[in-house]
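Asks: please find the sequence and the predicted model below.
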Amino acid sequence: MDTINHYIGLAQDWLFEFLIQPVLYHLGFAGALEDAYDATLWLLAGIAQIIVLLCVIGPLQRWRPVEKVLNRKEIRLDVLYTVIHRLGLFRVALFFSVDPLFDSFFGQMKVWGFSTFQLDNLWPGITDHALVSLAIYLVIFDLVEYLYHRAQHNIEWMWQLHAVHHSTRQMTMWSDNRNHLLDDLLHDAVIVVISQLIGVPPAQFVAIVAITQLIESLSHANLRMSFGSIGQRLLVGPKFHREHHAIAYQTTATGKVIGNNYAVLFPIWDILFRTAHFKGNYGATGIADQLPEAGGRDYGRGFFAQQWLGFKRLAGAFRRRPRGAS
């Protein structure tokens, strides 16, 4: 781990010195150099992820595709979502808008005497080992991801935003980041609060996010791959997650998908909470009310259309809520 951290540090220094720092000086943001140096690690992680997508998962898709690619325009849209999220554009927006609020909140908590729990100090000599603490954090965050994802499918207003993600009919390795920006903002707020409460170090947090996103890219891939009877119960793969996106699942009158396989990394949560479905196949993906026979609902064919329609569905969900509902 020390060797890996050393080379990551060298790459971060080089990227900051030769790219980020000159741009900030040119734009007059010299006061943000310290924060920008930390943000460079996110850019580095994003570049590494894109390389893995292009050099590893991409060839796997071409080797054993589930379905023929029929809509390259939809894939290009998903590539745009991926670039926005993985290369830090969305995180830069959060840095200038939301992060100061979090810093102020947790700073005030410390002033009031509330200190965060340092999970890696739970068992000195064991849990503070880098790989052990990383494994613990992955398990905790995956449980949070499972609960949040399940809520997205079972709470009406959350579904209206999450529907952007499920509207893709051409699933590929780029599909993971097709999300409504407000949905991503709410999700990231939950993850940041949890990370602060359990004391996740910044470098570990970047590693957790990068690992999670890469596995999510693999699980969304247009790839006919199963990890076998045992393996698919240990790690979420393309077959397991494609079943979650299956268009055949029951829907409510407003199109909300009631399904299974909510886990992001570890299917154990679906097994424990009885939402696992391992016998599915590689069926068509999407939302039932997108089908012509169901009315052909439009979820937007472009980035701005998808974002705008998401807001309209969200407003409609609140208008439909009965008076006095929580």
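Replies: Now that the structure is in, tell me what you want to look at. Numbering: from 1, shown residues only.

Asks: contacts for stretch 208-217?
Replies: The contact list for stretch 208-217 (C-beta atoms under 8 Å, 6 or more residues apart in numbering) reads 45, 48-49, 52-53, 57, 86, 134, 137-138, 141-142, 145, 173-174, 176, 191, 200, 235-236, 264-265. Bear in mind the C-beta positions are built from the backbone N, C-alpha and C, glycine included.

Asks: let's see it at 6 Å
Replies: For stretch 208-217, contacts defined as C-beta atoms under 6 Å, 6 or more residues apart in numbering pick out Ala45, Gln49, Leu53, Tyr137, Phe141, Met173, Asp176, Leu265.

Asks: what about Tyr148, neighbour count?
Replies: Neighbour count of Tyr148, defined by other C-beta atoms under 10 Å: 18.

Asks: and it, how close does it get to His162?
Replies: Look at Tyr148 and His162: by C-beta to C-beta, to the nearest Å, they are 10 Å apart.

Asks: any figure for the gap between Leu119 and Ala263?
Replies: Leu119 sits 21 Å away from Ala263, going by C-beta to C-beta.

Asks: longest helix of the protein?
Replies: If you go by DSSP state H, the chain has its longest helix at helix 130-154.

Asks: following that helix, which helix or strand comes up?
Replies: Downstream of helix 130-154, the first helix or strand assigned by DSSP states H and E is helix 156-166.

Asks: the closest residue to Arg297 other than its chain neighbours: neighbour count?
Replies: What sits nearest to Arg297 in space, not counting adjacent residues and going by C-beta to C-beta, 6 or more residues apart in numbering, is Asp289, at 4.4 Å. For Asp289, the number of neighbouring residues by other C-beta under 10 Å comes to 20.

Asks: could you report the pLDDT at Asp289?
Replies: Among the per-residue scores, Asp289 holds a pLDDT of 86.

Asks: then Ala253?
Replies: Ala253 is given a pLDDT of 52.

Asks: can you offset everything so residue one is 4?
Replies: Got it, first residue is 4 now, which makes that one Ala256.

Asks: what about the helices in the stretch 4-153 of the chain?
Replies: Remark: helices assigned in the stretch 4-153 of the chain by DSSP state H, counting those that start in this stretch are 5-18, 24-30, 36-55, 61-66, 75-89, 92-100, 102-114, 133-157.

Asks: any idea how far Leu13 is from Val209?
Replies: 16 Å.

Asks: which of the helices of the stretch 4-153 of the chain sits closest to Ala224?
Replies: Among those, helix 61-66 comes nearest to Ala224, with 5.4 Å by C-beta to C-beta.

Asks: list the buried residues in that closest one.
Replies: Leu63, Gln64 (16 or more other C-beta atoms under 10 Å).

Asks: quick check: mean pLDDT across that helix?
Replies: 96.

Asks: cool, and stretch 263-280?
Replies: So the average pLDDT for stretch 263-280 ends up being 95.

Asks: report the distance from that stretch to the chain centre.
Replies: Stretch 263-280 sits 17 Å away from the centroid of its parent chain (C-alpha atoms, centre = their mean, to the nearest Å).

Asks: report the separation between the two terminal residues of it.
Replies: Terminal residues of stretch 263-280 lie 6 Å apart, using C-alpha to C-alpha, to the nearest Å.

Asks: please enumerate residues in contact with it?
Replies: For stretch 263-280, using C-beta under 6 Å, 6+ apart, the contacting residues are Asp145, Glu148, Tyr149, His152, Arg153, Ile218, Arg236, Val239, Phe243, Glu246, His247.

Asks: list just the nearest of those residues to Glu77.
Replies: Closest to Glu77, out of all of the contacts of stretch 263-280 and judged by C-beta to C-beta, is His247, at 18.7 Å.

Asks: excluding chain neighbours, what is closest to the closest one?
Replies: Nearest one to His247, counting by C-beta to C-beta, 6+ apart, is Asn264 at 3.9 Å.

Asks: so the one you found sits in a helix?
Replies: No: going by DSSP: H, G, I helix; E, B strand; the rest coil, the assignment for Asn264 is coil, not a helix.

Asks: measure it to Ala42 for me?
Replies: For Asn264 relative to Ala42 (C-beta to C-beta), the value is 34 Å.

Asks: and if you look at Asp16?
Replies: 14 Å.

Asks: give the rounded mean pLDDT of stretch 38-57.
Replies: Rounded mean pLDDT across stretch 38-57 is 87.

Asks: next: stretch 295-302.
Replies: Mean pLDDT, stretch 295-302: 86.

Asks: ok so, going back, of Asn264 and Ala42, which one has the most company?
Replies: Ranked by neighbour count (other C-beta under 10 Å), Asn264 and Ala42 place Asn264 first, with 22 against 18.

Asks: find the centremost residue of this structure, please.
Replies: Among the residues of the chain, the one closest to the centroid is Gln216, at 5.8 Å (C-alpha atoms, centre = their mean).

Asks: secondary structure element for that residue, which one?
Replies: helix 205-222.

Asks: tell me what angle that helix forms with helix 133-157.
Replies: Angle, helix 205-222 to helix 133-157, by axes from the mean of the first three to the mean of the last three C-alpha atoms, to 10 degrees: 50 degrees.
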